[in-house]
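*Asks:* heads up, no residue letters with this:
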């Protein structure tokens, strides 16, 4: 909404939420999340044509368009637990919209939802006995944390799905006109609403698939002596494949990939497509395997025990340039090392508070440290779990001097030059390349 308000100064944007603390933070110009460039973009429109409120009823009634952006987590109970999307917040919002709207509205799905959710939403909205009609569109978001502002300003594409009816297509045209203020028309794709819903799930599944594929190759590289970066470069130069998302590492995280793939697998099973469901589930299983394999390698390489050993985890966010830790591989790595009775130290430039909350149940066995030099002081090993630029720029000679010898470096993001680290004195274990070990 901040980016939309920036490009559409004549349109009034109201962001409504039940969380008063978050609304106060946004309204103060200090967002409750870290995202490069967000504060500056927010400042351009805040209190001009972008407003925040907890007064949801009037916000609904005043709107011509309503973007539904509620959470759709994976169910943890009942039928479909662990796979299906939990749509209780989405349905609650649909009923809230119907209760407060006093005229026709265009309701737009921004949340990632199962295919044909718009059909159910439209049914709920139009069953209230009102003389007007709601039109439901799908407009999934493809921004990535860390590059969200750039992704919104210069999107690869904008998807807008609507019903194949005159009123549905008229609603699509209204939303197209908003995006066309700054997005080239040839990047605005209009389609059937169900195709738009499925496209979001499919895009995330394909991206995660590439990560698990290169990680599967990394495992083969480690035992054969090949180097995964060289293999990825050769594969990525094929114009049919391309180089993106071919970086081997400790596995993917974030709020979307796992959730959306499992949702896609559940949909396949719902329609009786069990082989297809098995295929998509295998991507998630391999990601879990990659994380477990990383921990096993730490234990094995450190003489089959890490009891009492200080291990510094460089990074806890699921990726660089965000404070988000949802489904971060660092969570599993930290918990597994705690189970192995290691002394775990977590450092991260933006995600430390979230890490504390996530590991509160084992806080007596984990140290949290904002300074990576302090985190590594007296450590037996460093494990790099987030590709923050700051970790490239550290003085590793100074870090090595203050570590227990032999000093181990497990680079879960292939962030550093392994030969350079080896020459400093580290025993180096990259992902997908032969280790460099002294004597």
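*Replies:* All right, it came through fine. Keep in mind the model is a prediction, meaning the values are calculated, not measured.
*Asks:* what's around residue 338, how many residues?
*Replies:* When neighbours are defined as other Cβ atoms under 10 Å, residue 338 has 18 of them. C-betas here are computed from N, CA, C, even on glycine.
*Asks:* for residue 308, that is, sorry about that
*Replies:* Residue 308: 9 neighbours (other Cβ under 10 Å).
*Asks:* isn't it right up against residue 343?
*Replies:* Yes. Applying Cβ atoms under 8 Å, one finds residue 308 in contact with residue 343, separated by 6.5 Å.
*Asks:* Could you tell me how far the longest helix along the chain lies from the centre of the chain?
*Replies:* Counting residues, the longest helix found in the chain (DSSP state H) is helix 193-224. Centre-to-centre, helix 193-224 and its host chain are 14 Å apart (Cα atoms, centre = their mean, to the nearest Å).
*Asks:* elements contacting that helix?
*Replies:* helix 117-125, strand 135-138, strand 158-162, helix 228-236, helix 257-270, helix 274-301 (3 or more Cβ pairs under 8 Å, 6 or more residues apart in numbering; DSSP states H and E).
*Asks:* Check which residues of that helix are buried.
*Replies:* 193-194, 196-201, 203-205, 207-219, 221-222 (16 or more other Cβ atoms under 10 Å).
*Asks:* what's the angle from that helix to helix 274-301?
*Replies:* Taking axes from the mean of the first three to the mean of the last three Cα atoms, to 10 degrees, one finds helix 193-224 and helix 274-301 inclined to each other by 40 degrees.
*Asks:* quick check: mean pLDDT across helix 193-224?
*Replies:* What helix 193-224 shows for mean pLDDT is 96.
*Asks:* One more: stretch 71-80?
*Replies:* Here the average pLDDT along stretch 71-80 is 90.
*Asks:* now the end-to-end length of it.
*Replies:* End-to-end distance for stretch 71-80, by Cα to Cα, to the nearest Å: 17 Å.
*Asks:* domain ranges for the protein?
*Replies:* Under the assignment automatic domain parsing, the domains of the chain span 2-193, 201-283, 302-430.
*Asks:* now those domains in a markdown table, with distance to residue 295?
*Replies:* Compiled in a markdown table, these are given as follows (distance: least, Cβ to Cβ, whole Å):
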| stretch | distance to residue 295 |
| --- | --- |
| domain 2-193 | 22 |
| domain 201-283 | 9 |
| domain 302-430 | 4 |
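*Asks:* mind listing what's buried in stretch 49-67?
*Replies:* Neighbour-count burial for stretch 49-67 [16+ other Cβ under 10 Å]: 49, 50, 51, 52, 56, 59, 60, 63, 65, 66, 67.
*Asks:* Stretch 79-92 now?
*Replies:* Here stretch 79-92 shows 80, 83, 84, 85, 86, 87, 90 as buried, counting by 16+ other Cβ under 10 Å.
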